[in-house]
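> Dropping a prediction and its sequence here:
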Amino acid sequence: PELGLEDQLLSLVVSKERPDLAAIKSDIVVQQNGFKIKIKKLEDEILARLAAAEGDITSDVELITSLENTKRIANDIAEKQVIATKTEKAISVTSEKYRPVAER
């Protein structure tokens, strides 16, 4: 419980002292949630297409194109997630400099 309160205070201090970092962190959270939703939607679309496919799926040009597009989007999301994770770590390092204020 004590650490949870300290983390909340740290978040408040950082949002007051470095609103730029707080905004970036908030944007990353929104972005990550958007990625999860997009990936889930892509997975559902693939499953629906596979379930509806008839005959030899390797000759279904539309399905193959869809799978290639999905792979491209998933790779793009993965790259953006790596960048977001690095950014979150950098924000955490900077935020930790304010921990002594939150501990009081």
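Right, received. Where do you want to start?

> contacts and neighbour counts: CA atoms only from here.
Fine.

> what residues does stretch 73-88 touch?
Residues external to stretch 73-88 that are found in contact with it (Cα atoms under 8 Å, 6 or more residues apart in numbering): 25, 28, 32, 35, 39.

> And the second one, how far from Asp76?
When distance is defined by Cα to Cα, to the nearest Å, Ile28 is 15 Å away from Asp76.

> So which of the two has more stuff around it?
Taking neighbours as other Cα atoms under 10 Å, Ile28 and Asp76 compare with Ile28 leading, 18 against 11.

> How far does the helix or strand hosting Ile73 sit from its chain's centre?
Assignment of secondary structure by DSSP states H and E places Ile73 within helix 61-96. Using Cα atoms, centre = their mean, to the nearest Å, the mean C-alpha position of helix 61-96 is found 7 Å from that of the whole chain.

> which intervals of this protein have sub-threshold pLDDT?
The chain contains residues with pLDDT under 70 at 1-2.

> since we're on Ala22, how many residues are nearby?
Every residue meeting other Cα under 10 Å relative to Ala22 is counted, giving 19.
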